[in-house]
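>>> Kindly return the folded structure for what I paste below:
(3 chains)
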Amino acid sequence: MTVHAIHIFDRKGKTLFTKRYTSSKQSSTQDAEQLSEQRKLIFGMLFSLRELVGSLTPGNGSPALKSVRTGAGTLHCFETISGLRIAMYTNNNPIMNTIGARAPGADNTKTSFQTALKYIYSDIWVECVVRSPLYRPEDIQVDPVEGKENKSGRFDIKSTNFESKLDAYLASMPWFR
Amino acid sequence: MSSKMQASQAGQALWSKMPKANAELFALTYGSLVTELVRDYEDPIEVNAQLDRIGHSIGVRCVDELLSKADVAGMGLATQCQNLRDTAEVVAKVGFKMFLGVQAEVGGFSQDQRSFSIYLQDNPLATFVELPAAGDEQYNGDDLRKLKYSNLYCGVIRGALEQVNLKVECNIVRDTLKGDEVNEIRVELKEVLADGAGDDYKEE
Amino acid sequence: MGFLHLFIVNKSGGLILHRSLSSAAPQIGTNEWLRIGSTFHSLHAIAAEASPVKLPNNKNSNGAQDGIEQIEGGGVILKCLQTRTGIKFVITAEPGTSDLDTVLREIYVLYSDCALKDPFYELEMPIRCELFTNSVDSLMKRVVAGEVMMR
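Next up is the predicted model:
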């Protein structure tokens, strides 16, 4: 799989949604603790990187973080003004769609992921989650992995079809495979 | 082995690009350094230790030069060192060739693959050198045969490998100055150091 | 070609050099540079740690510790070269600048030639070698003038 994982954080750092697409060997035995630690790590990293990039950006640029590449993979980020952050891990050489491949320059790679993340936000997240009648921004049930009992009054992302729509959208992307 | 050839070729190519110095000047400068050390410290064991220290200081700098020049020249050394054997090849074929212009051979791998030897046919440091015979009046009976004239090499190898997290111990076991047919440096891997981990990061 | 800054971080995360490469670069005070240096050092390692997929033994294709290689922001691109000896060479530039990788590698060579061979330079300490900074400046001039040197 080209896409390894997706995380969505709110402005306070709480994980709103997380999904792993790679088959992790320790997925069942891996501590929920460890996973949540890793998510905190990712959020903290995004937060600090944004500050770092902000101080290094010349006056006319915007301090938004677009992508971070390591030897193992790339993290694509998208941040909204409301503080919602979507982070997607892919590997380093995704198969681009033919339009992207034909266009000159490497810019299309980034644009394509940025567009995808933007679409995920505006057309999937907003449609399914924000517009859901049960939506309460302060009280989102996190950690679908844990499968806790849904306490009354808390909004569960699972109750929307966000995940299935997300999967369908990603599956339609040529670089998902 | 193909990696051996690659290392030799890399060594040759890098050597051709390095600025050259006069070999006599090099050997004579080293010789005067050693004689000064002998005069200052008198004890040949102490002089060996000093030479090792000096070599260490040189080695930690040489390794970056080797890595950077090999990288820029597109040699792709990076992926080759899967085990100590590969490291030994790189040190001997690329390192010694690049900095000294000499062909060095590797061999004498131990059973557990944790030590090896580097063989040098000619030693550029020891051109014109002759160790005085034991009991020579001039040196107040110090046995200069305990002096390891080329101990600098040991320090260089130790320093260089330390920078890439390999702690080794080197010794000169055979020396042409002492009558052996070949110079042999024995290198033994003591431990592989763990990389310094990134600092723990606390969430704001 | 819009190169902005160059900075070099040593094995322990301390900043040993920071240099502005053009007038377009934002002014950053020394204290802030130190902070940037150590923050980047930690984040470099954390990025590899936080990734759901890791390279075997955490070593990348250079044999060095895996970590951040490139960051793209809205108005800046940051590229990092991590050497096997633990030093990080980081360069920032405006988006669309090409040849950042080559420049970084050339700077590594300059480091090994000018800084390491300076007898008064102590390893891991801030670089105060004029020869090094002059060489970096002339390298940047050559690159901007369009002749990137391929050894």
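>>> what's the distance between the residue of chain C found nearest chain B and residue C:56?
At 2.3 Å from chain B, residue C:45 is the closest residue in chain C, using C-beta to the nearest C-beta. For every residue, glycine as well, the C-beta is placed using N, CA and C. Applying C-beta to C-beta, to the nearest Å, the value for residue C:45 to residue C:56 is 17 Å.
>>> Residue C:38 touches residue C:10, doesn't it?
No - contact criterion C-beta atoms under 8 Å: residue C:38 and residue C:10 do not qualify, at 10.4 Å.
>>> More neighbours: which of these two?
Taking neighbours as other C-beta atoms under 10 Å in any protein chain shown, residue C:38 and residue C:10 compare with residue C:10 leading, 20 against 16.
>>> lowest-confidence helix or strand of chain A?
When each helix and strand of chain A is scored by mean pLDDT, DSSP states H and E, helix A:98-102 comes last, with a mean of 41.
>>> Residue A:123 should be in a helix, yeah?
Yes - secondary structure of residue A:123 (DSSP: H, G, I helix; E, B strand; the rest coil): part of a helix.
>>> Next one: the longest helix seen in chain A, is it in contact with chain B?
Assignment by DSSP state H gives helix A:32-56 as the longest helix of chain A. Yes - interface with chain B: helix A:32-56 contributes A:40, A:41, A:43, A:44, A:45, A:47, A:48 (C-beta under 8 Å from any C-beta of the partner chain).
>>> Let me see the contact set for the fifth one.
Contacts for residue A:45 were tallied using C-beta atoms under 8 Å, 6 or more residues apart in numbering or on different chains; they are B:201, C:43, C:46, C:47, C:50.
>>> Which element is encountered next along the chain beyond whatever helix or strand the second one lives in?
In this case it means residue C:43. When elements are assigned from DSSP states H and E, residue C:43 belongs to helix C:30-50. Next helix or strand after helix C:30-50 toward the C-terminus (DSSP H and E): strand C:68-73.
>>> chain center to that next one: distance?
With C-alpha atoms, centre = their mean, to the nearest Å as the basis, strand C:68-73 stands 12 Å off its chain's centre.
>>> Near chain B, which residues of chain C? Just list them.
So far as C-beta under 8 Å from any C-beta goes, chain C lies against chain B at C:11-13, C:38, C:41-46, C:49, C:61-63, C:65, C:67, C:83-87, C:105-106, C:108-109, C:111-113, C:116-117, C:123, C:151.
>>> among these, which ones are buried?
C:11, C:13, C:38, C:41-46, C:49, C:62-63, C:65, C:67, C:83-87, C:105-106, C:108-109, C:111-113, C:116-117, C:123 (16 or more other C-beta atoms under 10 Å in any protein chain shown).
>>> Of the residues you listed, which fall within the contact range of chain A?
C:43, C:46, C:49, C:67.
>>> and the least confident of those?
The member of these with the lowest pLDDT is residue C:49, at 85.
>>> Could you look up the SS state of the residue nearest to residue B:37 when sequence neighbours are not counted?
Leaving aside its sequence neighbours, residue B:37 sits nearest to residue B:47 (C-beta to C-beta, 6 or more residues apart in numbering or on different chains; 4.7 Å). Applying three-state DSSP to residue B:47 yields a three-state assignment of helix.
>>> Return the residues in contact with residue B:108.
B:115, B:116, B:117, B:184, B:186.
>>> And the furthest pair within the residues you listed?
For the contacts of residue B:108, the maximum inter-member distance is 12.0 Å, found between B:115 and B:184 (C-beta to C-beta).
>>> where in chain C is pLDDT low?
Flagging of chain C using pLDDT under 70 yields the residue ranges C:1, C:147-151.
>>> which residues touch the spatially closest residue to residue C:87 that is not a sequence neighbour?
Using C-beta to C-beta, 6+ apart and skipping the chain neighbours, the partner closest in space to residue C:87 is residue C:10 (5.9 Å). For residue C:10, the contact set (C-beta under 8 Å, 6+ apart) comprises C:16, C:86, C:87, C:124.
>>> Relative to chain A, which of those is nearest.
When the contacts of residue C:10 are compared against chain A (criterion: C-beta to the nearest C-beta), the nearest one is residue C:86, at 15.4 Å.
>>> pretty sure the closest one is touching residue C:11, no?
Yes - contact between residue C:86 and residue C:11 holds when scored by C-beta under 8 Å: they sit 3.7 Å apart.
>>> I'd like the contacts of residue B:108 as JSON lines, with neighbour count appended.
Putting the contacts of residue B:108 into JSON lines (neighbours: other C-beta atoms under 10 Å in any protein chain shown) gives the following:
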{"residue": "B:115", "neighbour count": "19"}
{"residue": "B:116", "neighbour count": "23"}
{"residue": "B:117", "neighbour count": "21"}
{"residue": "B:184", "neighbour count": "19"}
{"residue": "B:186", "neighbour count": "17"}
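>>> Mind checking which of the residues you listed land in strands?
Mapping those onto strands (DSSP state E) picks out B:115, B:116, B:117, B:184, B:186.
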